[in-house]
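# no FASTA, just this:
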């Protein structure tokens, strides 16, 4: 009989990073296609530049580190493609060519590779790339939102801005600024006539991608649901108006962030309970910051919470096999306390 | 003062103990004033001047200042020179005075100056202290100017106020960019520094190996001790010339034989 000596883990799943990333890419496909239809050639160019420069940045960085070119190409996990694509989807379509390029190079080189490559990054590269773009090119990112070529199906007010192609504030900023929405909830859901990033406008496409990920068991259903619902509820609580629930979850980049970015394996807690708390806190932070700053803050909220993930992992640990569960431990402690009290009363009685 | 000592002090101030990249002192003015190259030079030269003057005065008074109250005494000396520099700048270069703002009076509590006073000037002779002040200040100036150039070129597309192009990345002008550029520069500086240091060390080591008559033979204790002393000397001063060190080692061994 032949014995093999090996380190743990001894049993491995069939899933590879490349396979999961391929699933994410497929899930992003509807949003990408819709974004390209809505925003035209500029969006296609922006996405292409972002993806190409992300991949090139990773390959060049590894070449500088004197890694074998054959090794790089054979073991290429698609993470940098996903990063590039996600980053492009969070940028406005008319951003000049250097915005997606520099942001994705920043995302790959500074956020991912300098920390040790795939799986070692502290924060989500795509989110941080977007935050970089936001700080670096404020003129482009704050005021230059372009409405899609397909106008609103049912504009609420008869203002000319909603139907025509125009640059201006997104629906979210106008809502947070107290000006109210110019389109209906259905338009928000479909993204028609809603100014915004390439990938965030059509919630239907994002939902289709999310359902695909859930079916393929890449992400768990409850994580994005907790994030989105808590954001909506806190927004209602802050605005003291239950009617705010639907527009506040449907506007801005919440769906994109909740489905594709907050659920990133590397930058979310390891345990299920940890993830529930993480997503709920994300929702609170997002809604509160939105109310405080009057701009879209999903990316900042995720970046902020990413930095807290090591703390989640330190305090919320998976139960060791065979050890008593949390509930059991609590029961034992309660029983002990009861016993003590009983003893005390016994003594008092005796006295 | 020997040439060796001069070399040691100058290299210490500029590279080995570079206040910005190696000691990471005086970070507050570094982050705040490296937005433009000219601000960096101005700040660096002001600090250099104050550093030389305070080092000289503290070195002169090092036996008169009681140990228990040395920090207040140092701060008073430094504050005197800072006040002089403020008045001079206000009178002659008002634009620089404006742009440096609150960071100019804050030089009083700059840890580079207090650090050099505490660790060097209060223990060394006047000339040595003056040189230490000069080279530490120049090290600080070079670092600030370098950071200023990087941030000015990337953040506002200009160099020393001269507009190069219209392309700007606002990130590098912001404070987040300051931390980013500063951190990257520290990493790069220390990477290059350790590479050079390793090379020098291995060169010294090879030179010593070559000089030994035969390695297999066990050496006596005295020779070993001499060797160790040489090693220590090499480690404290890696810039020492390899051939001289090797020749010295060879000479010692020969003497023992």
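Thanks, I have the structure now. Quick caveat: nothing in here was measured; it's all calculated off a predicted structure. Residues are numbered from 1 along each chain as shown, chains lettered A, B, ... in the order given.
# distance check, residue A:62 against residue A:186.
Residue A:62 sits 47 Å away from residue A:186, going by Cβ to Cβ, to the nearest Å. Every C-beta, even on glycine, is put in place using the N, C-alpha and C of the backbone.
# so for these two, which sits in the more crowded spot?
Between residue A:62 and residue A:186, residue A:62 has the larger neighbour count (other Cβ atoms under 10 Å in any protein chain shown), namely 17 against 12.
# for chain B, give me its nearest residue in the stretch 51-200 of chain A.
residue A:136 (3.5 Å; Cβ to the nearest Cβ).
# low-confidence stretches in the chain?
Assuming you mean chain A. Residue ranges of chain A with pLDDT under 70: A:141-171, A:173-183, A:193.
# meant chain B actually
Applying pLDDT under 70 to chain B flags the ranges B:1, B:212-257.
# who's in contact with residue A:236?
Remark: with contacts taken as Cβ atoms under 8 Å, 6 or more residues apart in numbering or on different chains, residue A:236 is in contact with A:242, A:244-245, A:248.
# look up how far chain A lies from residue B:208.
Going from residue B:208 to chain A by Cβ to the nearest Cβ, to the nearest Å gives 30 Å.
# so that residue: helix, strand or coil?
Assigned by DSSP: H, G, I helix; E, B strand; the rest coil, the conformation of residue B:208 is helix.
# tell me where the stretch 151-300 of chain A has helices.
Per DSSP state H, counting those that start in this stretch, the stretch 151-300 of chain A carries helices over the ranges A:171-176, A:185-190, A:203-215, A:222-239, A:245-250, A:254-256, A:272-293, A:298-306.
# give me whichever of the ones you listed is most buried.
helix A:254-256 (a mean of 29; mean count of other Cβ atoms under 10 Å in any protein chain shown).
# now find how far off-centre it is within its chain.
Helix A:254-256 sits 7 Å away from the centroid of its parent chain (Cα atoms, centre = their mean, to the nearest Å).
# count of neighbours near residue B:31?
16.
# got the contact list for it?
Neighbouring residues of residue B:31 by Cβ under 8 Å, 6+ apart: B:175, B:178-179, B:182.
# list buried residues within those residues.
B:178, B:182 (16 or more other Cβ atoms under 10 Å in any protein chain shown).
# among the contacts of residue B:31, which are located in helices?
Mapping these onto helices (DSSP state H) picks out B:175, B:178-179, B:182.
# any figure for the gap between residue B:128 and residue B:6?
For residue B:128, the distance to residue B:6 - Cβ to Cβ - is 9 Å.
# in the stretch 201-350 of chain A, what residue comes closest to chain B?
Chain B sits closest to residue A:303 of the stretch 201-350 of chain A, with a gap of 11.7 Å, by Cβ to the nearest Cβ.
# what's the closest residue to residue A:45 other than its chain neighbours in contact with, if anything?
Leaving aside its sequence neighbours, residue A:45 sits nearest to residue A:97 (Cβ to Cβ, 6 or more residues apart in numbering or on different chains; 7.2 Å). Contacts for residue A:97 (Cβ under 8 Å, 6+ apart) come out as A:45-46, A:49.
# mind checking which of these are buried?
For the contacts of residue A:97, buried by 16+ other Cβ under 10 Å: A:46, A:49.
# specify which member of the contacts of residue A:97 is nearest to residue B:48.
Within those, proximity to residue B:48 (Cβ to Cβ) peaks at residue A:49, which comes in at 45.7 Å.
# doesn't that closest one fall inside a helix?
Yes - looking at residue A:49 with three-state DSSP, it is inside a helix.
# do you know how far it is from chain B?
Residue A:49 is 16 Å from chain B, where distance means Cβ to the nearest Cβ.
# also residue A:48?
For residue A:48, the distance to chain B - Cβ to the nearest Cβ - is 21 Å.
# returning to that earlier point: burial count for the residue of the stretch 51-200 of chain A closest to chain B?
With other Cβ under 10 Å as criterion, residue A:136 counts 25.
# residues contacting it?
Shown in contact with residue A:136 (Cβ under 8 Å, 6+ apart): A:102-103, B:169-172.
# of those - the most surrounded one?
Within the contacts of residue A:136, residue A:103 tops the neighbour count with 31 neighbours, counted by other Cβ under 10 Å.
# what residues does it make contact with?
Counting by Cβ under 8 Å, 6+ apart, residue A:103 touches A:50, A:87, A:91, A:129-130, A:132-133, A:136.
# please identify the helix or strand for it.
Assigned by DSSP states H and E, residue A:103 belongs to helix A:98-105.
# sec struct for residue B:168, please.
Per three-state DSSP, residue B:168 ends up coil.
# next to chain A, which bits of chain B? Give me the list.
Those residues of chain B that sit near chain A, judged by Cβ under 8 Å from any Cβ of the partner chain, are B:167, B:169-172, B:174, B:176-177, B:180.
# quick one: which of those residues is nearest to chain A?
For those, the nearest to chain A is residue B:171 (3.5 Å; Cβ to the nearest Cβ).
# picking up where we left off before, report the entries of the contacts of residue A:236 that also contact chain B.
Among the contacts of residue A:236, no residue lies close to chain B (Cβ under 8 Å from any Cβ).
# which of those lies closest to residue A:268?
Distance to residue A:268, by Cβ to Cβ, is smallest for residue A:248 among those, at 22.8 Å.
# that closest one against residue A:286, yeah?
No - taking Cβ atoms under 8 Å as the definition, residue A:248 is not a contact partner of residue A:286, at 9.6 Å.
# hey, what's in contact with both of the two?
Counting by Cβ under 8 Å, 6+ apart, the residues touching both residue A:248 and residue A:286 are residue A:231.
# so what does the closest residue to residue B:154 other than its chain neighbours look like in phi/psi?
The shortest distance from residue B:154 to any non-neighbouring residue, by Cβ to Cβ, 6+ apart, is to residue B:172 (4.1 Å). With angles defined as degrees, to the nearest 10, residue B:172 sits at phi -80, psi -20.
# show me the contacts for residue B:172.
Residue B:172 touches A:136, B:150-151, B:154-155, B:180-181, counting by Cβ under 8 Å, 6+ apart.
# repeat that for residue A:53.
Taking Cβ under 8 Å, 6+ apart, one finds A:84, A:100-101, A:104-105 in contact with residue A:53.
# which residue sits closest to residue A:246, ignoring its sequence neighbours?
Leaving aside its chain neighbours, residue A:246 sits nearest to residue A:185 (5.2 Å; criterion: Cβ to Cβ, 6+ apart).
# surely that neighbour is in contact with residue A:245?
No - Residue A:185 is beyond contact range of residue A:245, at 10.2 Å (criterion: Cβ under 8 Å).
# distance check, residue A:326 against residue B:59.
Distance from residue A:326 to residue B:59, by Cβ to Cβ: 65 Å.
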